[in-house]
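S.K.: Quick one, fold the following:
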Amino acid sequence: MFTAGRNAGAASGWAWIAGTTPESLLRRMLAVGDLLAVVVATMLLAVLGAHEMATEAWLLLALPAWIVLAKLHGLYDRDRRALRHLSVDELPALFAWTMSGTVVTTLALDALIGRGLPLRSALLVWFLVAASALALRGASRWIWRKLTPRERVVVLGDGPLAAAVQRKLVLFPDIHAEIVGVRNPWESDPTQYEAELTNVDRIVLASSRIEESLIATLLPVCRRQRIKLTVVPPTRGMFGTAVQLSHVADLPLVEFDTGDVSASTLLLKRTFDILGSAAALVVLAPLFLAIAIAIRLDTRGPVIFAQTRAGRAGVPFRMYKFRTMVADAEDLLADLVSFDHLREPVFKLRHDPRVTHIGRLLRRTSLDELPQLVNILKGEMSIVGPRPEQVDLVERYSEEERFRLAVKPGLTGPMQVSGRGYLTLEERLAVEREYIENLSIGRDLMIIARTVSPLVSGRGAF
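M.R.: You can find the predicted model right below:
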């Protein structure tokens, strides 16, 4: 028997009292956020004196067009089906929407008042609307999660896949859902417990085998009950992560990407690394000085800690960090952990007695990693990539685990935005494999944007 949990009942929660569903409430909140983004951009444009007030008034009259364009770009429909709602995942669509909105507004102004936005003002509108929309959409989703009860999820599955679904809800608290039941789909016919699904919002099918007959049985049940259906492919090892789903007429095709990363992508990534690290070193110079003073006042010893790590293809390099431990921390490591007795080639001490007072703060905020910008500038690391690991541990990698050495290690990366220190080795390798097999500049930018949340929360940092 399924239970609806603490948020049971279709009438519970503010959203239902207001006479609307959570999905429609979120769509309206996102639309309001988008409207406010255009208004904020218009006001800032006026403050900066980039145009006459009459032009700003016409910009405000174009608000309905912006909402229509956002709808055409799919910015209000993704959340209806997605299990996880992240505003940073919408960055490509947001940039496309704001660009098209700016172009349409410029053309409309030129037709109506005889003068459109000059290039400088148009670029300013595009940037201001995009930045404001990203911030306001994130705020809208945060408020929405506070106002509405969690989505009630039933997991139909068994074995590792069902356990993985439950694990992801623990790792990602931003998933607005709670598991209210787990059942083996092969123990009974779904139609036999349809009545028990009255207070369920989503079914996640995560079984070691999935038959077409099971999907055919579940779909009518979900349609009658207005229940969302999510299917976890049972053949993760077969499909991997470098695949995309396409269609030829009604025939679905799973297409694998088996080629190397293009030279142009690698060139853009290196250019981005050089420009980004150089700019950050200049801008953050005062912060570097403040951290250095704090470390010297806290304990004796060098400010910078250098350690040999494994780079691309396992080539060793000296990685720099602000020192967060006592000066003789390396000598004390053998008393805390023996690499020869590790079950897996990875370790992370949650309560490391070697960490200093200022070191705890630096680790929680990841400020201790900033000197790695020098490694990035030198070409030994990248801004985004797998976490750099100690050479002694890499030497214990199996042949399968060495795939993570195919690219340069990163200052941030998939591990840092997917649970950080809470990840098991298997989970960490899985997210890093997904990153390496789908390497792109766009993905790097999304990971950088998603790094902000774990840095602010400090979750998983130790």
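S.K.: Just the pLDDT at V303, thanks.
M.R.: With respect to pLDDT, V303 has a value of 94.
S.K.: Does it touch K321 like I think?
M.R.: No: taking CB atoms under 8 Å as the definition, V303 is not a contact partner of K321, at 10.2 Å. (Each C-beta comes from the backbone N, C-alpha and C, glycine too.)
S.K.: Can you pick out the residue with more neighbours from those two?
M.R.: K321 (19 against 14; other CB atoms under 10 Å).
S.K.: I figured that one was touching S366, is that so?
M.R.: No: using CB under 8 Å, K321 makes no contact with S366, being 10.2 Å away.
S.K.: which residues do the two both contact?
M.R.: Both K321 and S366 lack any common contact, where contact means CB atoms under 8 Å, 6 or more residues apart in numbering.
S.K.: check contacts around S382.
M.R.: Listed by CB under 8 Å, 6+ apart, the contact set of S382 reads K269, R270, D273, I376, V407, K408, P409, G410, L411.
S.K.: switch to 10 Å and redo it
M.R.: With contacts defined as CB atoms under 10 Å, 6 or more residues apart in numbering, S382 is in contact with 269-270, 272-273, 276-277, 311-312, 372, 375-376, 407-413, 444.
S.K.: and what of L439?
M.R.: Residues near L439 by CB under 10 Å, 6+ apart: A242, D260, V261, S262, T265, L266, K269, V384, G385, A406, V407.
S.K.: Buried ones among the residues you listed?
M.R.: If you count burial by 16 or more other CB atoms under 10 Å, the buried members of the contacts of L439 come out as A242, V261, K269, V384, G385, A406, V407.
S.K.: So what's the residue count around G114?
M.R.: Close neighbours of G114, defined as other CB under 10 Å, add up to 7.
S.K.: now do the one 10 residues further on
M.R.: L124 is surrounded by 19 other residues when neighbours are defined as other CB under 10 Å.
S.K.: Was I right to think it contacts V47?
M.R.: No: the criterion here is CB atoms under 10 Å, and L124 misses it with V47 at 11.4 Å.
S.K.: would you list every one of the strands in the stretch 151-300 of the chain?
M.R.: For the stretch 151-300 of the chain, strands defined by DSSP state E, counting those that start in this stretch occupy the ranges 151-157, 177-183, 202-206, 228-231, 243-248, 251-256.
S.K.: wait, what's in contact with P252?
M.R.: Contacts of P252 (CB under 10 Å, 6+ apart): L245, S246.
S.K.: okay, it: pLDDT?
M.R.: So P252 comes in at 71 (pLDDT).
S.K.: just for this protein, where's the confidence low?
M.R.: 1-19, 49-59, 116, 188-195, 235-243, 249-250, 256-259, 339-341, 347-348, 460-462 (pLDDT under 70).
S.K.: In it, where's the longest helix?
M.R.: Longest helix in the chain by number of residues (criterion: DSSP state H): helix 119-147.
S.K.: Tell me how far that one lies from the chain's centre.
M.R.: 17 Å (CA atoms, centre = their mean, to the nearest Å).
S.K.: For that helix, buried residues please.
M.R.: Here helix 119-147 shows 121-122, 124-126, 128-134, 136-138, 140-141, 144-145 as buried, counting by 16+ other CB under 10 Å.
S.K.: Now name the helix or strand holding the residue nearest to S132 when sequence neighbours are not counted.
M.R.: Leaving aside its chain neighbours, S132 sits nearest to A37 (3.7 Å; criterion: CB to CB, 6 or more residues apart in numbering). Applying DSSP states H and E as the criterion places A37 in helix 22-47.
S.K.: next one: M415
M.R.: Since the elements are taken from DSSP H and E, M415 ends up inside neither a helix nor a strand.
S.K.: Distance check, it against L266.
M.R.: Here the criterion is CB to CB, to the nearest Å. By it, M415 lies 21 Å from L266.
S.K.: ditto for V200
M.R.: V200 is 47 Å from L266, by CB to CB.
S.K.: again with D110
M.R.: Where L266 is concerned, D110 sits at a distance of 41 Å (CB to CB).
S.K.: Now do the same contact list for the nearest residue to A313 once chain neighbours are set aside.
M.R.: Of all residues not flanking A313 in the chain, L405 sits nearest, at 5.7 Å (CB to CB, 6+ apart). Going by CB under 10 Å, 6+ apart, L405 touches A310, G311, R312, A313, G314, V315, P386, E389, V394, Y397, I436.
S.K.: give me phi/psi at the fifth one?
M.R.: Spelled out, that is G314. Phi and psi for G314, reported as degrees, to the nearest 10, are phi 80, psi 10.
S.K.: which residues does it contact?
M.R.: Neighbours of G314 in contact, by CB under 10 Å, 6+ apart: E389, V391, V394, E395, Y397, R402, L405.
S.K.: Of the residues you listed, keep whichever come out buried.
M.R.: By 16+ other CB under 10 Å, those give E389, V394, Y397, L405 as buried.
S.K.: Does the closest residue in space to the first one that isn't next to it in sequence have any beta-bridge partners, and if so which?
M.R.: On the basis of CB to CB, 6+ apart, the spatially nearest residue to E389 that is not a chain neighbour turns out to be A310, at 5.6 Å. When bridges are taken as DSSP bridges, the partners of A310 come out as P316, E389.
S.K.: Roughly how far does A310 sit from Y397?
M.R.: Distance of A310 to Y397, given as CB to CB: 9 Å.
S.K.: Check T451 too.
M.R.: In terms of CB to CB, T451 sits 26 Å off from Y397.
S.K.: Count the neighbours of A111 for me.
M.R.: A111: 9 neighbours (other CB under 10 Å).
S.K.: Ok, F322 next?
M.R.: F322 has 23 nearby residues by other CB under 10 Å.
S.K.: That one against L362, yeah?
M.R.: Yes: assessed by CB under 10 Å, F322 is found in contact with L362 at 5.8 Å.
S.K.: Now the common contact residues for these two.
M.R.: Common neighbours of F322 and L362 (CB under 10 Å, 6+ apart) are I291, A294, I295, D368, E369, L370.
S.K.: Distance to F172 added to those residues, as TSV?
M.R.: TSV is the format used below for these (distance: CB to CB, whole Å):
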residue	distance to F172
I291	30
A294	33
I295	33
D368	25
E369	22
L370	26
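S.K.: dump the residue contacts of I358.
M.R.: I291, A294, I295, R296, L297, D298, T299, F322, R323, T324, L367, D368.
S.K.: ok so, going back, residues that sit against both of V303 and K321, list them.
M.R.: P371.
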